[in-house]
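# using only what follows, build the 3D model:
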Amino acid sequence: MKTTTRPAFAALILTLATGCHAVSTPAPAAAPRVVHAEHEHEDLAAQLVASEMAAAREGTPLPLPSAQPGQLVQPGCSAAPAQKGFYGFYANDAWAQGRVVLTFDDGPHPKFTPRVLDLLAEKKMKATFFVVGRNISRDTYPLIQRMVADGHTLGSHSYSHDVLMTKVATPADTVETIRSQHEVTTILIDIALVAKSADDFDALFRSTFEHEPATWMTATGIKKTWRSAATRHEANLKARGFDGGVRPYAVLYSRPPGGGPYVEQDGGAGIKLYDEALTKLGMMNVMWHGASGDTVPDKRSDFAFLTKNMEKYAKQGGVLLIHDYMRPDALEVSLAKIDVDPHVEVMSMEDAVRTKYACSVGGLGQKLDDRGMDAILRRGFGLPPARPASEPSFALSR
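This is a model prediction of the structure:
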């Protein structure tokens, strides 16, 4: 395996056949603090899997030339949106064979995520973790810190993991819902990175959201209150030494739960709404070219099925979709095969951005941040790295 690394953090995975489970059940009034994925994912919708597989089959991997250092635009960026969809990576993107970005969805989970991080560390591989906001808690915030400390990349997978967020009948409400879901998740990433202890995490959570951290927030509540929460969060960051719009982590990447409208039947109308939300967020959309298959009903525990998919799509190249809860021995064997395969190169999401857009991550991030029509709390690109004297400096602006 050849590996491509970046100075500050992460490498990403490429995915195809299947996406996240159709988890759209509203949180109860007093839900457990951390979602137990082994139970949460039992109700996977087969039709969603089929639609994601159909979407993935649209793509044909083609050779993609590597961007030359002299071609990078820093900090300015003249990149244009994808031919289909907003800035991001899609199943029909051309991609160099064997160049794969590893991505993991639905964490952080106290049982599964540490095992994934251990395997990646053992193989010296970098990945991108699309985290679910409601899974970030006093029990799991250290995992967010470890992801960054280990050089991985973070992305938002929404707060509630509702695969049906896009409702074309209510366009304005849909755009606000999508935006609030990702805004709140990026806030929770910040809180996780500056928290000094579990009690400190809870204190910051209460101060920011005016909600008890032991229970999940509702999607309706988030939509109504995220702006005021963002204002309080900015004040909390300033008190911790992050001033002038600087944030502990500048989140550029997002992934819709289950692939959202990009794999559903909403067609152009749903995609248009999600793209509008992404514009206001100042974030990229990251889909996938291949997947481990760990969400396929009756196949999620099939060792041969999982390892075959991992090998196939790593060789094919592109963004590979995996979940933190993938069968442990299948993931270990798959990563070991990737590690010794001379025709497979694990590349970072940042290198994928430079290759597709001939643009630095910071440059593209600043460009998208500037596109926000009514930015409340900016992503933080184009600002000097924050290094408050009283806090550890995690991967800040890249």
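# C-alpha only now, for contacts and for neighbours.
OK.
# can you give me the strands for this structure?
2-3, 88-89, 99-105, 128-131, 153-156, 253-254, 284-286, 290-291, 318-323, 345-346 (DSSP state E).
# including mean neighbour count, could those strands go into CSV?
Compiled in CSV, these are given as follows (neighbours: other CA atoms under 10 Å):
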stretch, mean neighbour count
strand 2-3, 16
strand 88-89, 24
strand 99-105, 28
strand 128-131, 28
strand 153-156, 28
strand 253-254, 24
strand 284-286, 23
strand 290-291, 31
strand 318-323, 30
strand 345-346, 24
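# distance of the closest residue to M287 other than its chain neighbours from G282?
In space, and not counting its chain neighbours, M287 is closest to Y90: 5.0 Å by CA to CA, 6 or more residues apart in numbering. From Y90 over to G282 the distance is 18 Å, taken as CA to CA, to the nearest Å.
# equivalent analysis for F89, please.
F89 is 15 Å from G282, where distance means CA to CA.
# so which elements touch the longest helix belonging to the chain?
Longest helix of the chain, by residue count under DSSP state H: helix 171-194. Using 3 or more CA pairs under 8 Å, 6 or more residues apart in numbering; DSSP states H and E as the contact test, the elements touching helix 171-194 are helix 141-149, strand 153-156, helix 198-209, helix 219-239, helix 267-281.
# closest one to G290 among those?
strand 153-156 (18.2 Å; CA to CA).
# quick one: average pLDDT of the closest one?
For strand 153-156, the mean pLDDT works out to 98.
# likewise stretch 251-269?
In the prediction, stretch 251-269 has an average pLDDT of 86.
# going forward, begin numbering at 48 instead of 1
Fine by me, first position is 48 from now on; the one you just mentioned is stretch 298-316.
# centre of the chain versus it, how much separation?
Here stretch 298-316 is found 12 Å from its chain centre; the criterion is CA atoms, centre = their mean, to the nearest Å.
# now do the end-to-end distance for it.
Calculated as CA to CA, the first-to-last residue distance of stretch 298-316 is 26 Å.
# then stretch 282-300?
24 Å.
# next, the buried residues of that stretch.
Buried residues in stretch 282-300, counted by 16 or more other CA atoms under 10 Å: 283-285, 288-289, 292-300.
# point out where the chain drops to low pLDDT.
For the chain, the stretches with pLDDT under 70 are 49-123, 125, 129-132, 311-312, 418-422, 429-445.
# got phi/psi on Y134?
Phi and psi for Y134, reported as degrees, to the nearest 10, are phi -50, psi 130.
# so who does it touch?
127-128, 331-332 (CA atoms under 8 Å, 6 or more residues apart in numbering).
# could you dump the residues you listed into TSV with distance to A216 added?
Shown next, in TSV, are the contacts of Y134 (distance: CA to CA, whole Å):
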residue	distance to A216
A127	29
P128	26
M331	24
N332	22
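# got the CA positions of stretch 201-217 in CSV?
C-alpha atoms of stretch 201-217 as CSV (Å, rounded to 0.1, in the frame of the first residue of the first chain):
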residue,chain,number,x,y,z
LEU,A,201,-13.8,15.1,10.7
GLY,A,202,-17.0,15.7,8.8
SER,A,203,-20.6,16.2,9.8
HIS,A,204,-23.2,13.4,9.3
SER,A,205,-26.0,15.5,10.8
TYR,A,206,-27.2,15.5,14.4
SER,A,207,-30.2,13.3,14.3
HIS,A,208,-29.3,11.0,11.4
ASP,A,209,-32.7,11.4,9.8
VAL,A,210,-32.6,10.0,6.3
LEU,A,211,-35.8,11.8,5.4
MET,A,212,-34.8,15.4,6.2
THR,A,213,-35.4,16.5,2.6
LYS,A,214,-39.1,17.2,2.1
VAL,A,215,-39.8,18.9,-1.3
ALA,A,216,-43.3,20.0,-0.2
THR,A,217,-41.8,22.4,2.4
